[in-house]
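Asker: Show me the folded form of this:
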Amino acid sequence: MTLSAVTTHKDSSDHDAASPEVRTLAERVFQQLQEAIVRGELAPGSKITEPGLSKTYGISRGPLREAMRRLEAHRLIERVPHVGARVVKLSMKELIELFDVREALESMAARLAAEHMSPEEVQGLRDVLALHEGQADLKRGEAYYQREGDLDFHYCIVQGSHNKMLMNLLCDDLYYLVRLYRTQFSASGARPQRAFVEHHRIVDAIEAGDAELAELLMRRHVSASRANVADRYAAILEQQSSTHSG
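Answerer: Numbers count the residues shown, from 1 in each chain. Have a look, this model is predicted:
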C-alpha cells in the first residue's frame, strides 16, 4: 500500500504532546489507513483491531493508537460498544444529510471564491484540473479520483472562499468523510467526465467574478453528485440484500 501525496492539509492533532518520532509514524500510518478507507480497501463497516493493524504496518501500539485517534476524529472510524473499532458506514439517510450540508456550504464557498480569489489562485484551480485531465481513470471514464488537500478541486474552492469558518467545517471537520463517499460512490457511467466538465464551468464563473453563477453551478454539481451517490448506494444495498436472501 502506498502513501498518499504530501499536501498542505493540516489538523489540530499535529499539536499534541506525543514525541516527534511517534507523530511521524502516526502520520504515516494515518495517511495509509485513510487512503485505504477512502479507496474502499478497508470496507465500510469492517472491523479493525490494533493487533491486526500493528502486524500489517509493523509499528508499535503508541503510534497506531495516535493514528486511530485521528481517524476517529475525522469520522473515518467509530467505536461500537461490544464490537470495537470499525470503518464508518453511513446509512442512506445520513449520507443524504451529508450531501445536503455539502451542497449548501460548497455553493456558498463557490460564491465567495468568485468574489475573493486572485488571478493566481484561479490559475491554481486550472492547474489542478489540468493534472486531473491526465489521469488514466478519468480518461477511461471509470472514475474521477482526486488526491487530498491542494490536489482536490473542492478543497481548493473552499480555500478560495477566504472564509475561515467554511474552511474549518469543510476542510477539517467533514473533509475526509465527504471525500470517502465522493470517491467510492460518485464514479459510475458518464458521471466522471460530466463532473470534470462541471468543474471547468465553475472555474469559468469564478474567473469572471460571477458569484451568482458560481454558486448556482456548484449547487447543481453537488446535487447531481448526491443523486448519483444515492443511486449507487441503493444499488449496493439491493445487491447485498439479494445475496443474503439467496
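
Asker: Beyond the lowest-mean-pLDDT helix or strand in the chain, next helix or strand please.
Answerer: Least confident helix or strand, the chain: helix 136-139 with a mean of 65, by mean pLDDT, DSSP states H and E. Under the assignment DSSP states H and E, the closest C-terminal helix or strand after helix 136-139 is helix 153-160.

Asker: what comes into contact with that next one?
Answerer: By Cβ atoms under 8 Å, 6 or more residues apart in numbering, the residues outside helix 153-160 that reach it are 9, 106, 109-110, 112-113, 116-117, 121, 124-125, 128-129, 132, 146, 148-150, 166-167, 170-171, 175, 178, 182, 199, 202, 206, 218. Quick note: C-beta positions are derived from backbone N, CA and C, even for glycine.

Asker: Pull out the buried residues from those residues.
Answerer: 9, 106, 109-110, 112-113, 117, 121, 124-125, 128-129, 132, 146, 148-149, 166-167, 170-171, 175, 178, 182, 199, 202, 206, 218 (16 or more other Cβ atoms under 10 Å).

Asker: that older thread, give me the subset of the contacts of helix 153-160 lying in helices.
Answerer: Using DSSP state H, the subset of these located in helices is 106, 109-110, 112-113, 116, 121, 124-125, 128-129, 132, 166-167, 175, 178, 182, 199, 202, 206, 218.

Asker: Quick check, Leu180 in contact with Leu71.
Answerer: No. Leu180 is beyond contact range of Leu71, at 11.1 Å (criterion: Cβ atoms under 8 Å).

Asker: where does the protein have low pLDDT?
Answerer: 1-22, 136-145, 186-189, 244-246 (pLDDT under 70).

Asker: domains of it?
Answerer: 25-87, 92-241 (the TED database).

Asker: first vs last residue of the first one, how far apart are they?
Answerer: As for domain 25-87, its first-to-last residue distance stands at 21 Å under the measure Cα to Cα, to the nearest Å.

Asker: same thing with stretch 155-168?
Answerer: 11 Å.

Asker: Can you list the buried residues in it?
Answerer: Neighbour counts using 16+ other Cβ under 10 Å place Tyr155, Cys156, Ile157, Val158, Gln159, Gly160, Ser161, His162, Asn163, Leu166, Met167 of stretch 155-168 among the buried residues.

Asker: Could you identify the helix or strand that succeeds the helix or strand hosting Glu72?
Answerer: Using DSSP H and E, Glu72 falls within helix 61-73. The first helix or strand that comes after helix 61-73 along the chain, using DSSP H and E, is strand 77-80.

Asker: who does that next one touch, helix- and strand-wise?
Answerer: Counting contacts by 3 or more Cβ pairs under 8 Å, 6 or more residues apart in numbering; DSSP states H and E, strand 77-80 is packed against helix 61-73, strand 84-87.

Asker: if we can go back for a sec, quick one: common contacting residues for Leu180 and Leu71?
Answerer: Any residue near both Leu180 and Leu71 by Cβ under 8 Å, 6+ apart counts here, and that gives Ile37.

Asker: Isn't Ala26 up against Glu66?
Answerer: Yes. At 3.7 Å, Ala26 and Glu66 qualify as touching, with contact defined as Cβ under 8 Å.

Asker: Same drill for these two, tell me which one is more crowded.
Answerer: Per other Cβ atoms under 10 Å, whichever of Ala26 and Glu66 has more neighbours is Ala26, with 24 against 20.

Asker: what's the helix or strand for that one?
Answerer: For Ala26, the host element (DSSP H and E) is helix 20-38.

Asker: Neighbours of the residue nearest to Val122 when sequence neighbours are not counted, how many?
Answerer: Among residues not flanking Val122 along the chain, Glu207 sits closest, at 4.8 Å (Cβ to Cβ, 6 or more residues apart in numbering). By other Cβ under 10 Å, the residues close to Glu207 number 17.
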